[in-house]
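Visitor: Got a predicted structure plus its sequence, pasted below:
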Amino acid sequence: MQERIFIAIVIFLIQIVFQQSFVKAEPIGAAIVKVADRLQEEQIKQGINAGSWTGEINFTGPIVAGIANACEVACKSEYLSAAELGANSILMISQGNFYGDEAFALTRLSMISTDPNDPWRDIVSDYYSKIKYSGGTQAYISNFYAIDPSIAVLYMSYHVLAAYYVDANDKKIWRQELINLLSSVDDSSVYPVMALGAAVWALSQTGTLDQTIINNSLEYGASYWNSKRLAELPDLLISHQVQDGQPNAGSFYWQFGHKEGSPSGYTEDAIFATLGLTAVFESNPDPNLYYAIGNSCSALLNGINMEDDENEGTVWERLSREGAEYCAYAGEMLQALRALIIPGDINLDGCVNFEDFEIFSNNWYAGDCAQQCWCNGADIDHNGIVDIEDFKVFLDNWLREMSFEENI
């Protein structure tokens with residue numbers, strides 16, 4: 001039966017391909033490989049700091065998460081080795097008390113692990129249980145209110161995603177506290193727009209962006225959030241994107257209050273805004289979201305050095321390739337690039353077309369995909385077999401492309 005459905009849909013695709021045209025986008029896959037190659041080459045491989053990166057030992061989390069994402073799509077064994085080495089460094093340095101980005105990084109290792117025992121998931125699950133039963137989750141989270149709210153939101157966003165991944169008992173407390181912390185972010189914070197992007201990223205994947213009021217306490221929250229609701233967050237985030245014709249078009253402003261000449265073009269602002277928009281798009285494929293994502297994709301790719309020189313794969317503080325150069329930026333960039341990949345774009349060229357279909361058909365009904373790089377990417381839903389469920393996803397995205405001509 002499945003074979004008949006498969007053949008019928010193939011005929012359908014052949015019929016419609018001549019009615020539509022598409023232009024290949026800049027391959028996101030190539031950018032992922034260049035950035036990940038540089039990170040794994042610069043990783044400390046031996047000694048007491050093995051698994052970390054020079055000068056960035058406290059930022060191993062986002063780098064490991066990024067390399068794990070690269071491993072998932074590029075299937076290079078050296079990426080998996082680098083991610084596991086980095087994860088072991090996290091375990092050694094943290095002594096079981098993880099930053100949010102570190103807990104999230106371990107969940108990314110869990111997602112790509114082929115070990116049926118999945119030790120990474122167990123470690124994260126035990127961590128959130130330990131918090132609950134030794135002092136309490138609420139008491140632990142209270143520490144976040146002592147730091148800048150935008151930084152607190154960033155780390156809390158990672159925590160929320162990790163807590164929901166392992167189905168922690170107090171996951172709803174983590175999510176509600178993220179909303180509470182977001183309500184304190186304003187332009188006096190260090191990273192207001194970045195915090196908004198991170199919050200949208202986490203909240204949209206762990207619940208509904210509904211009519212819940214963000215700021216329930218006029219005494220403690222920032223006035224910026226008065227009367228604003230969760231459902232408004234995606235449009236609010238889009239409103240902070242730099243428009244066509246402006247310097248740094250496609251990137252995002254740093255602060256909520258922006259006007260001509262306001263600071264924009266910072267890499268982390270664009271990364272977390274992109275993560276937020278792509279997460280919302282998964283459940284709400286709105287054209288406005290798609291356009292904004294396309295523009296942010298262009299801005300991000302333009303910020304990566306793709307040339308074959310000593311800076312190949314480098315990511316800077318600003319998308320204009322200026323400012324500080326940190327591996328943490330590169331790790332975060334890999335997270336955003338992974339989110340930009342269209343489901344069904346198996347060869348990672350930015351478009352779901354017959355080149356992807358050839359790979360898909362060659363792996364049709366293959367099994368044991370977790371051990372074979374998800375059957376060369378054809379096992380789209382990662383359930384271990386290439387079947388009709390994968391083909392439904394493929395068909396839903398047929399001829400869809402990540403188009404971002406506006407800013408090139």
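Guide: Right, received. Where do you want to start?
Visitor: Please make it C-alpha for all contacts and neighbour counts, starting now.
Guide: OK.
Visitor: Going along the chain, name the helices of the stretch 101-250 of the chain.
Guide: Under the criterion DSSP state H, counting those that start in this stretch, helices of the stretch 101-250 of the chain are mapped to 119-133, 137-141, 149-165, 171-182, 192-206, 233-238.
Visitor: Generate a markdown table for these, with mean pLDDT and distance to residue 288 as supplementary columns.
Guide: Shown next, in a markdown table, are the helices of the stretch 101-250 of the chain (pLDDT from 0 to 100; distance: least, C-alpha to C-alpha, whole Å):
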| stretch | mean pLDDT | distance to residue 288 |
| --- | --- | --- |
| helix 119-133 | 96 | 36 |
| helix 137-141 | 97 | 35 |
| helix 149-165 | 98 | 24 |
| helix 171-182 | 97 | 24 |
| helix 192-206 | 98 | 16 |
| helix 233-238 | 98 | 9 |
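Visitor: how about these in a markdown table, adding distance to residue 254 and mean neighbour count?
Guide: Formatted as a markdown table, the helices of the stretch 101-250 of the chain follow (distance: least, C-alpha to C-alpha, whole Å; neighbours: other C-alpha atoms under 10 Å):
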| stretch | distance to residue 254 | mean neighbour count |
| --- | --- | --- |
| helix 119-133 | 32 | 17 |
| helix 137-141 | 26 | 15 |
| helix 149-165 | 12 | 25 |
| helix 171-182 | 16 | 21 |
| helix 192-206 | 6 | 25 |
| helix 233-238 | 11 | 19 |
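Visitor: Please identify which of those is closest to residue 62.
Guide: helix 149-165 (9.7 Å; C-alpha to C-alpha).
Visitor: Which elements pack onto the closest one?
Guide: helix 100-112, helix 119-133, helix 171-182, helix 192-206 (3 or more C-alpha pairs under 8 Å, 6 or more residues apart in numbering; DSSP states H and E).
Visitor: Any chance of the ones you listed in JSON lines with distance to residue 148 as columns?
Guide: Converted to JSON lines, the helices and strands packed on helix 149-165 look like this (distance: least, C-alpha to C-alpha, whole Å):
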{"stretch": "helix 100-112", "distance to residue 148": "15"}
{"stretch": "helix 119-133", "distance to residue 148": "22"}
{"stretch": "helix 171-182", "distance to residue 148": "10"}
{"stretch": "helix 192-206", "distance to residue 148": "10"}
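Visitor: Output the helices of the stretch 101-250 of the chain as TSV; include the columns distance to residue 62.
Guide: Below are the helices of the stretch 101-250 of the chain laid out as TSV (distance: least, C-alpha to C-alpha, whole Å):
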stretch	distance to residue 62
helix 119-133	16
helix 137-141	21
helix 149-165	10
helix 171-182	19
helix 192-206	13
helix 233-238	22
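Visitor: wait, which of those helices is closest to residue 215?
Guide: From the helices of the stretch 101-250 of the chain, taking C-alpha to C-alpha, the stretch that ends up closest is helix 171-182, at 7.1 Å.
Visitor: Report the backbone C-alpha coordinates of the closest one in PDB.
Guide: Backbone C-alpha positions of helix 171-182 (Å, rounded to 0.1, in the frame of the first residue of the first chain) are rendered in PDB as follows:
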ATOM      1  CA  LYS A 171       9.100  22.200  33.700                       C
ATOM      2  CA  LYS A 172       6.000  24.500  33.900                       C
ATOM      3  CA  ILE A 173       7.600  26.400  36.800                       C
ATOM      4  CA  TRP A 174      10.700  27.000  34.600                       C
ATOM      5  CA  ARG A 175       8.500  28.200  31.800                       C
ATOM      6  CA  GLN A 176       6.400  30.600  33.900                       C
ATOM      7  CA  GLU A 177       9.600  32.000  35.500                       C
ATOM      8  CA  LEU A 178      11.000  32.700  32.000                       C
ATOM      9  CA  ILE A 179       7.900  34.800  31.300                       C
ATOM     10  CA  ASN A 180       8.200  36.600  34.600                       C
ATOM     11  CA  LEU A 181      11.900  37.400  33.900                       C
ATOM     12  CA  LEU A 182      11.100  38.600  30.400                       C
END
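Visitor: Thanks a lot, see you next time.
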